[in-house]
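Peer 1: Here is my input; please provide its structure:
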Amino acid sequence: MPPLRKLGSLTEICLECVWRWLHRCVGPAATTRNGRRLQTQYLVSALNSSLRQRLLIIICNIKTELLMESKCKLLQALGDNSTQWIDFSGSGSVFYDEIMRLYNTLCVANIYNLTRLGVVCDMKSRIDQKYISAVNSTFYWPLRKMSNLRWLTLGGVADGTILEILGANCHHLQYLDVSHSLKVDNDAVAAFLLKDPGAIQGWNPQQVGHQELPTSTTPCCTTLNQVCVSGTQVSMMGAVLLLRHVPQLRSLGGYIHDCSICQVIEILQPEGGVTQYKLNHLWDAIIRPRHTSLLNATCPSITAVTTCQASLPVLYLLQPLESLSVDVDFRHCTEALYDYLVVRGDTLRQLILTNSVYYPLDLACLIQFTPRLERVEATVTVKQEDINFPVWTTLKVASVKVENSASILALLTHTPDLRDLDLAFLEGIYTEETYESISDDLLLQILTGGGLKTLEKLRISRCMISRKGVNYLLLACPNLHYLAPLIFWPNVSLVDVEKLRARATQNNWVLRIVMRSDEE
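Peer 2: Now for the predicted structure:
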């Protein structure tokens, strides 16, 4: 049976009750300015800053139960100059008008002593893009007072003025994520890192990489360890500035627009010497043979690489990795991947292959070559006659696509510690099987074979498992607390789902039933 819902501490129970009570009363009671002021005064006097901060952390992490408007009202009621942590980035993206509401709330509540601030804005349409300047204009003034920021996430909504203010005022900044912000470019990075960015106006990357700059850097250059600028207008010039002037930089958080990080490192190397960097995650679309020895010498701390399939033939020349992510781009590169895994697979803990549909990996080879793998995302297959598989004792997370039921049976009966499974069935032209093969009978065969004993989360895109099969899972998987997306399980009706939820409530189970993936 699923795990029982444990009784929280008295503090946790009280915090849950308090924020729900506040949510009910903050709207009607605070319709006027005087009402909001009196409400805030009461909460500040009744709750100390530590409890109010814990309430705000809970509120920020709520995904679907609260709208951003309600969160901002609660923030205005609970926040003051002692508030240090406001991060909405983990609860999904918001729209530009909600961002403006958040910025106005920060001003009204005098929340300036933050160490962490995070929000991700959905600015994908061109219509929304024209509002960025108006939205950010409400944030410049409070940002100038946030000198204690250590962690800032402004996904999709940052601009050059914000980065300039950060460089001038936030001397202790350690983490900055402005990914997918189209107003961030090379000039914005220069304004962020240099006290006088105009001093390098007209310089090329080679000059910036080697010549002594006629200006000093901002104080945050010495404290930053991660700057995420993927999806922005930052190109090679910005990457050169970041690598040269941020000595503690661990990662750039994604691909840089029209830029190879290997080429940037190559540009920055002095004649007759080697400059080392502290990068531990490299994002580069193509790693060429001449770059491998350069990376081994200049980036000895690299343990993770994200690249494309064109780089596979030379990756074995790099130092052993713990994480490898490859965009296969729907191409045939299984032999190159096998060649890498034979040489370096024994150190891998994470293997992620995206856009790999038509050329699945042989499961027996994958298990044999990656004995320490803990997470895999790939398309796998197995021949019906293959029955002798080693046990994949370390695998904990699997997101796999399969072509036949034999692959499912082999995988799930040879992964005794599997905890998170995301399964999809590929209906190809070379097999007669469909997603209907994922049935109660197959599930019973897996469970009687010793599979899924440690499973905690299960996602199957489409299957024919019925309520009977769900009961099999509940009986055999004592740690199972997540099932999704049941809307695509045609043999499980809405009535079955309601009965299952009622049963979970009655038995006090920790069991989340998700109908669609967008509910996650």
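
Peer 1: Tell me which residues touch the closest residue to C477 other than its chain neighbours, please.
Peer 2: Using C-beta to C-beta, 6 or more residues apart in numbering and skipping the chain neighbours, the partner closest in space to C477 is L455 (4.7 Å). Backbone N, C-alpha and C define where each C-beta goes, glycine included. Contacts of L455 were listed using C-beta atoms under 8 Å, 6 or more residues apart in numbering, and they are L418, R419, D420, L421, L473, C477, N479, L480.

Peer 1: The fourth one - that's part of a strand, no?
Peer 2: Going back to what we said before, that points to L421. Yes - assessed with DSSP: H, G, I helix; E, B strand; the rest coil, L421 lies in a strand.

Peer 1: Which pLDDT value belongs to it?
Peer 2: Per-residue confidence (pLDDT) for L421: 97.

Peer 1: Tell me how far it lies from L411.
Peer 2: 9 Å (C-beta to C-beta, to the nearest Å).

Peer 1: what's the overlap in contacts for the two?
Peer 2: A398.

Peer 1: more neighbours, these two?
Peer 2: More crowded of L421 and L411, by other C-beta atoms under 10 Å: L411, with 26 against 22.

Peer 1: Three-state assignment for that one, please.
Peer 2: Going by three-state DSSP: L411 is helix.

Peer 1: just checking, it touches A398?
Peer 2: Yes - applying C-beta atoms under 8 Å as the test, L411 and A398 come out as touching, 7.1 Å apart.

Peer 1: still on that earlier bit, distance to C107 added to the contacts of L455, as CSV?
Peer 2: CSV is the format used below for the contacts of L455 (distance: C-beta to C-beta, whole Å):
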residue, distance to C107
L418, 49
R419, 44
D420, 42
L421, 46
L473, 51
C477, 50
N479, 46
L480, 46
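
Peer 1: Which residue is the nearest non-sequential neighbour of V400?
Peer 2: Using C-beta to C-beta, 6+ apart, the nearest residue to V400 is V380, at 5.3 Å.

Peer 1: what about that neighbour, distance to I261?
Peer 2: Distance from V380 to I261, by C-beta to C-beta: 31 Å.

Peer 1: again with I465
Peer 2: 45 Å.

Peer 1: Next, count neighbours for Q506.
Peer 2: Q506 sits with 8 neighbouring residues when counted by other C-beta under 10 Å.

Peer 1: what about it, distance to L75?
Peer 2: Counting by C-beta to C-beta, the gap from Q506 to L75 is 36 Å.

Peer 1: and the closest residue to H257 other than its chain neighbours, what is it in contact with?
Peer 2: Take H257 and drop its neighbours on the chain: the residue closest to it by C-beta to C-beta, 6+ apart is S235, 5.3 Å away. Each residue near S235 by C-beta under 8 Å, 6+ apart is listed here: D185, N186, I256, H257, D258, C259.

Peer 1: are any of the residues you listed buried, and which?
Peer 2: Buried members of the contacts of S235, scored by 16 or more other C-beta atoms under 10 Å, are D185, N186, I256, H257, C259.

Peer 1: And those, which is closest to W392?
Peer 2: I256 (35.3 Å; C-beta to C-beta).

Peer 1: Contact partners for the closest one?
Peer 2: Residues counted as contacts of I256 (C-beta under 8 Å, 6+ apart) are V229, S230, V234, S235, M236, G238, A239, W283.

Peer 1: So which of the buried ones among the contacts of S235 sit within helices?
Peer 2: Using DSSP state H, N186 are the members of the buried ones among the contacts of S235 that sit in helices.

Peer 1: Return the item of the buried ones among the contacts of S235 having minimum pLDDT.
Peer 2: Out of the buried ones among the contacts of S235, that is H257, at 84.

Peer 1: My read is that that residue contacts A239, right?
Peer 2: No - if you go by C-beta under 8 Å, H257 and A239 don't touch, sitting 9.4 Å apart.

Peer 1: nearest spatial neighbour of the residue nearest the centre of the chain, skipping sequence neighbours?
Peer 2: Taking C-alpha atoms, centre = their mean, the centroid of the chain lies closest to G90, which sits 8.7 Å from it. Spatial nearest neighbour of G90, excluding adjacent residues (C-beta to C-beta, 6+ apart): N61 at 5.8 Å.

Peer 1: how much space between that neighbour and V314?
Peer 2: N61 is 42 Å from V314, by C-beta to C-beta.

Peer 1: contacting residues for A190?
Peer 2: Contacts of A190 by C-beta under 8 Å, 6+ apart are P197, I200, M237, G238, L241.

Peer 1: how many other residues sit next to the first one?
Peer 2: Yep, that's P197 we're talking about. P197: 20 neighbours (other C-beta under 10 Å).

Peer 1: Double-check it against A191; I have them as touching.
Peer 2: Yes - proximity of P197 to A191 meets the contact threshold set by C-beta under 8 Å, at 4.7 Å.

Peer 1: show me what contacts V514?
Peer 2: Y482, L483, A484, P485, L486, E520.

Peer 1: Which residue, other than its chain neighbours, is closest to it?
Peer 2: Per C-beta to C-beta, 6+ apart, closest to V514 is A484, 3.6 Å.

Peer 1: Quick check: the gap between G92 and S216.
Peer 2: For G92, the distance to S216 - C-beta to C-beta - is 40 Å.

Peer 1: oh sorry, the question was meant for D177
Peer 2: In terms of C-beta to C-beta, D177 sits 25 Å off from S216.

Peer 1: Next: L511.
Peer 2: 58 Å.

Peer 1: which among the contacts of A190 gets closest to F389?
Peer 2: G238 (47.8 Å).

Peer 1: ok so, going back, and the contacts of L455, which of them are buried?
Peer 2: Buried among those by 16+ other C-beta under 10 Å: L418, R419, L421, L473, C477, L480.

Peer 1: okay, those residues in TSV with distance to F389 next?
Peer 2: Shown next, in TSV, are the buried ones among the contacts of L455 (distance: C-beta to C-beta, whole Å):
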residue	distance to F389
L418	14
R419	20
L421	17
L473	23
C477	22
L480	24
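
Peer 1: and which of those residues is nearest E403?
Peer 2: Of all these, E403 sits closest to L421, with 16.9 Å by C-beta to C-beta.

Peer 1: Surely the closest one is in contact with K457?
Peer 2: Yes - between L421 and K457 there is a contact under C-beta under 8 Å: 7.0 Å.

Peer 1: ok so S325 is a strand residue?
Peer 2: Yes - assessed by three-state DSSP, S325 belongs to a strand.

Peer 1: Pretty sure it sits against N355.
Peer 2: No - contact criterion C-beta under 8 Å: S325 and N355 do not qualify, at 11.4 Å.

Peer 1: Same drill for the two, tell me which one is more crowded.
Peer 2: Neighbour tally, S325 and N355, criterion other C-beta under 10 Å: the higher count belongs to S325, 17 against 14.

Peer 1: Let me see the contact set for the more buried one.
Peer 2: Contacts of S325 by C-beta under 8 Å, 6+ apart are A304, V305, T306, T307, Q350, I352, L353, T354.
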